[in-house]
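[1] Sequence and computational prediction follow.
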Amino acid sequence: AFNFNAGPAAIPLEVLKQAQEQFVDYQGAGMSIMEMSHRSKMYEAVNDKSQSLLRELFGIPENYDVLLLQGGASTQFALLPMNLLQPGKPGAYVMTGAWADKALKEAKLVGETVVSASTEADKFMRMPTLSEIEIPGNASYLHLTSNETIGGTQFKEFPETGDVPLIADMSSDILSKPVDVSKFGVIYAGAQKNLGPSGVTLVIIRKDLVENGSKSIPAMFRYSTHAKSGSLYNTPPSFSVYMMNLVLEWIKNKGGVAQLDQINQSKTKLIYDTIDQSGGFYIGCAQPQSRSLMNITFRIQNEELEGLFVKESEKEGFVGLKGHRDVGGLRASTYNAVPLESCQALQQFMVDFQKRNG
Ligand code: PLP
């Protein structure tokens, strides 16, 4: 299948085959990795390796903890303010669409919040410019969503926030391009788009924020609990972590994140060029300066044709091109594991579809 699903999303075929080979008997242990104790040497090696590969591939400095948690990015919407929101110091949020909104709503349940910038007036079809983002000096942190998976918009650069920790939900673009991690206090992401299967959530957090986090919340909710135990405080999502490990090795073998960035740019250029050169048949949703390299959202003027596009594309082996149920239209998610060939096939399909229906 040409898998353009938004999440869970494509996993590299090589990785799936490798997992298949090791599925029943992991490295001669006579059992599957998912049957092993998480206190065993073999699983600890997987756990350690995934954390060290993440450090290496994403350039995570020593003064950050790398946590592998459960509950998805949605749980982080709540845990972040529970750990880091201080009384009298609001959590500042950049409103860029559906996911930013969910993060803000959870924080409101925990404490004081403020909206630092919003692109609602533009129907969230762009990211704010850096000068539009107002950061209150007393903010506990500034939270943004680096890539809005539903709207198809992406930050191309990040604000300088001084002493205010910058927090990013990178669920849908983590490890798709190099990022200066040292600019951030916290980066978090559900794994199921660029890192592997669902079930594991990555949290990269500066150690001083771990140490200064709230001590009056339950142990499972405290970042310090997981940091102290190397993410083995309780039973981890061991199979998902193992799969993530294989994906990270795949990224390394591909030449790393900078190399993937180049490939991702070529992939999306094919589709965005097709939209722009269609003479208005296809309409890109996001404003060009905010176009996402991970989720390409577009429409066809006639909604009936959108339905036909989805139907015919499915017959040709394309999966996941229907837009999110809240916004409609069409969406192609082009995460790391989506090969260039799938994008070439989609480009060809789009051109042919227009010839037949334009
Ligand atoms: N944030 C973003 C940007 C997302 O795209 C998603 C899921 O698609 C989430 C958060 C929610 O992630 P999870 O399903 O892991 O809770």
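    That came through, no problem.
[2] Could you use CA atoms for every contact and neighbour count after this?
    Fine.
[3] Could you pull up phi and psi at P128?
    Here is the backbone geometry of P128 (degrees, to the nearest 10): phi -70, psi 150.
[4] nearest residue to it other than its sequence neighbours?
    Across the structure, with CA to CA, 6 or more residues apart in numbering as the measure, the residue nearest P128 apart from its sequence neighbours is T119 (6.2 Å).
[5] what's the answer for V164, then?
    Across the structure, with CA to CA, 6+ apart as the measure, the residue nearest V164 apart from its sequence neighbours is Y141 (5.2 Å).
[6] Identify the residues contacting the one you found.
    Neighbouring residues of Y141 by CA atoms under 8 Å, 6 or more residues apart in numbering: L84, L85, P90, G91, A92, V164, P165, L166, I167.
[7] So the residue in the stretch 251-358 of the chain that the ligand sits nearest to versus K269, what's the distance?
    When you check the stretch 251-358 of the chain against the ligand by CA to the nearest ligand atom, the closest residue turns out to be N295, at 9.7 Å. Taking CA to CA, to the nearest Å as the criterion, N295 is separated from K269 by 12 Å.
[8] Looking at these two, which one has more neighbours?
    Between N295 and K269, counted using other CA atoms under 10 Å, the more crowded position is N295 (26 against 15).
[9] Just give the nearest non-adjacent residue to that one, would you?
    Leaving out its chain neighbours, N295 is closest to S333 (CA to CA, 6+ apart), at 4.3 Å.
[10] quick one: the residue nearest to V164 and F155, what's the gap?
    Using CA to CA, we find Y141 at a distance of 18 Å from F155.
[11] try N83
    The spacing between N83 and F155, counted by CA to CA, is 25 Å.
[12] cool, F124 as well?
    When distance is defined by CA to CA, F124 is 12 Å away from F155.
[13] what ranges do the helices span in the stretch 251-358 of the chain?
    In the stretch 251-358 of the chain, the segments counted as helices under DSSP state H, counting those that start in this stretch are 257-276, 303-315, 340-357.
[14] what residues does the second one touch?
    Spelled out, that is helix 303-315. Where contact means CA under 8 Å, 6+ apart, the residues beyond helix 303-315 that reach it are R299, I300, V319, L321, K322, G329, L330, F349, F353, N357.
[15] did I read that right, I135 in a helix?
    No: per DSSP: H, G, I helix; E, B strand; the rest coil, I135 lies outside any helix segment and is coil.
[16] Do I have it right that it meets A92?
    Yes: shown here, I135 and A92 form a contact pair, counting by CA atoms under 8 Å, at 7.0 Å.
[17] neighbour-wise, which of these two wins?
    Residue environment comparison for I135 versus A92 gives the larger neighbour count to A92, 29 against 22, counting by other CA under 10 Å.
[18] Surely that one is in a strand?
    Yes: if the criterion is three-state DSSP, then A92 is within a strand.
[19] Taking the stretch 101-250 of the chain, what residue is nearest to the ligand?
    Closest to the ligand within the stretch 101-250 of the chain is G190: 4.2 Å, counting by CA to the nearest ligand atom.
[20] give me the beta-bridge partners of that residue?
    The partner list for G190 in beta bridges (DSSP bridges) reads T201.
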